[in-house]
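**Student:** Sequence isn't available, so here's the structure alone:
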């Protein structure tokens, strides 16, 4: 644009007669608002230019709707459990952000400004479109590979679940076997101790005393039986000797009368012969033996009567002496202590076993529950992302497929991602591309011309300021000394400001800046 163009000519170009419409309908007002257009400026434009501005505003709706549906899809796929209200809220917020970003870019884009300024706006929108397109294209690809991801991850988690169940079962059985053997041994010892007698020390001491008495009774009964046998033998011997004495006496009488039979050694002669003397001697010996046998029998009978066992007393412990009672009570207390220790050891072992089982369950159950859920196909978004990476890039263990098949997988995934990403990327850039590729119209001239004039005025003043600073300083000093000067300027006077700007532009034309790009 040539700044030397007469201002009246520019006004004639821009102040063409237009149809004043007053208040617009709400759809047009919405489109103008989306385009970031100024109402006062739109009222000066023809119908064709307002239509162009409305079309630019309608282009903002495309990335806005795309942002809404894309964020809703992305948020829905990222939550482990369905949360439609939260996803809808996020989609609305994100669509509002994208809509305002495009409104800001359309409202601040100036077709006549330097390219470096325009490139910053365009590159920012391209970067934002790239991020949005990736965020939306990824759930699409994730949905395309959902079956393969579920199959891959479920297979891996089933294998892990089987290994973990085997390890859990092995460890639990080892724990139960070890603790069961120890507890069983302690219970066997306790059963043996309790089988001996009652647990109470006094009752057990009484039982020990009764056992001692019974042992004594058994010993006495054995001795009595032996004495009875000896007494019976002594009685038999005594009776045999008595019978023998009677027979010898009869033989002695018969021999004295001469009536002893010959088969019994009789001589058949009365009187006292050799046979008689022999029988008399035998009778004397038998009498002595019979007397000795009778005495022995009487002694054995007296001894047997002396050790005759009596009935067991009801309080056997009280019948014992003090030392024996103390020994039995001490033995009963030691047994009670052993039983108490065994009972405590069993209780402690059972508690330790329960604690170890609880710790074992606490260590394995959460992992088993998680693996069960994942083996059934319930994955969180992070695992689905990892599963997509595995399906595309990591070969499956134990799969004999050709390596070329794995290469085709990531090529197919890249193709799908590129198609979705490219479509979304282009749709998201429609608003800024429509603004960039559309021709600069009267609206842009009316909006940018005052800004352009102000910019050139500032540049001219920037160059003129060093020359005018000394004069303004002198004017200030003159006013302080009450001496008038002609170099002062009243910034509140439009004519003086206009003359200052004219001098600045004339000076800029005489000394053009080489570092400023031509417009």
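**Tutor:** Great, that's in hand. What you see is a predicted model; the values in this text were computed from it and never measured.
**Student:** Contact partners for the nearest residue to residue 38 once chain neighbours are set aside?
**Tutor:** Nearest residue to residue 38 in three dimensions, chain neighbours excluded: residue 447, at 7.0 Å (Cβ to Cβ, 6 or more residues apart in numbering). Quick note: C-beta positions are derived from backbone N, CA and C, even for glycine. Counting by Cβ atoms under 8 Å, 6 or more residues apart in numbering, residue 447 touches 38, 41, 110.
**Student:** Please apply the same query to residue 160.
**Tutor:** So residue 160 contacts residue 371 (Cβ under 8 Å, 6+ apart).
**Student:** Show me where the stretch 101-250 of the chain has its strands.
**Tutor:** Under the criterion DSSP state E, counting those that start in this stretch, the stretch 101-250 of the chain contains no strands.
**Student:** separation between residue 253 and residue 276?
**Tutor:** Using Cβ to Cβ, to the nearest Å, one gets 10 Å for the distance from residue 253 to residue 276.
**Student:** As TSV, the contacts of residue 447 with neighbour count would be great.
**Tutor:** Output for the contacts of residue 447, formatted as TSV (neighbours: other Cβ atoms under 10 Å):
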residue	neighbour count
38	15
41	15
110	15
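**Student:** Turn the residues you listed into JSON lines, columns for pLDDT.
**Tutor:** Output for the contacts of residue 447, formatted as JSON lines (pLDDT from 0 to 100):
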{"residue": "38", "pLDDT": "75"}
{"residue": "41", "pLDDT": "74"}
{"residue": "110", "pLDDT": "75"}
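**Student:** any low-confidence regions in the stretch 1-150 of the chain?
**Tutor:** Applying pLDDT under 70 to the stretch 1-150 of the chain flags the ranges 1-24, 80-81.
**Student:** can we see that at 90?
**Tutor:** 1-63, 66-67, 69-87, 94, 98-150 (pLDDT under 90).
**Student:** and if you look at the chain?
**Tutor:** Using pLDDT under 90, the chain drops low at 1-63, 66-67, 69-87, 94, 98-161, 179, 186-342, 360, 363-519.
**Student:** Please report the residue range of the longest helix in it.
**Tutor:** helix 201-257 (DSSP state H).
**Student:** for the helix or strand following that helix, packing partners?
**Tutor:** Note on helix 201-257: by DSSP states H and E, the next helix or strand toward the C-terminus is helix 274-306. Applying 3 or more Cβ pairs under 8 Å, 6 or more residues apart in numbering; DSSP states H and E, we find helix 274-306 packed against helix 201-257.
**Student:** Next, the angle helix 274-306 makes with the helix it packs on.
**Tutor:** Counting by axes from the mean of the first three to the mean of the last three Cα atoms, to 10 degrees, helix 201-257 lies at 170 degrees to helix 274-306.
**Student:** Show me what helix 201-257 packs onto, helices and strands only.
**Tutor:** Counting by 3+ Cβ pairs under 8 Å, 6+ apart, helix 201-257 packs on helix 274-306, helix 322-375.
**Student:** ok, the residue nearest to residue 38 to residue 187 distance?
**Tutor:** The separation that residue 447 has from residue 187, given Cβ to Cβ, amounts to 98 Å.
**Student:** Same question for residue 229.
**Tutor:** Residue 229 is 48 Å from residue 187, by Cβ to Cβ.
**Student:** Likewise for residue 358?
**Tutor:** According to Cβ to Cβ, residue 358 stands 22 Å off from residue 187.
**Student:** try residue 170
**Tutor:** 26 Å.
**Student:** more crowded one of those two?
**Tutor:** residue 187 (15 against 10; other Cβ atoms under 10 Å).
**Student:** List the residues that contact that one.
**Tutor:** residue 346.
**Student:** contacts for stretch 230-246?
**Tutor:** Residues contacting stretch 230-246 (Cβ under 8 Å, 6+ apart): 283, 286-287, 289-290, 293-294, 296-297, 300-301, 304.
**Student:** Residue 35: neighbouring residues, count only.
**Tutor:** Residue 35: 26 neighbours (other Cβ under 10 Å).
**Student:** what does residue 323 give?
**Tutor:** 8.
**Student:** Tabulate the helices and strands packed on helix 201-257 in a markdown table, adding columns for distance to residue 145.
**Tutor:** Formatted as a markdown table, the helices and strands packed on helix 201-257 follow (distance: least, Cβ to Cβ, whole Å):
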| stretch | distance to residue 145 |
| --- | --- |
| helix 274-306 | 108 |
| helix 322-375 | 17 |
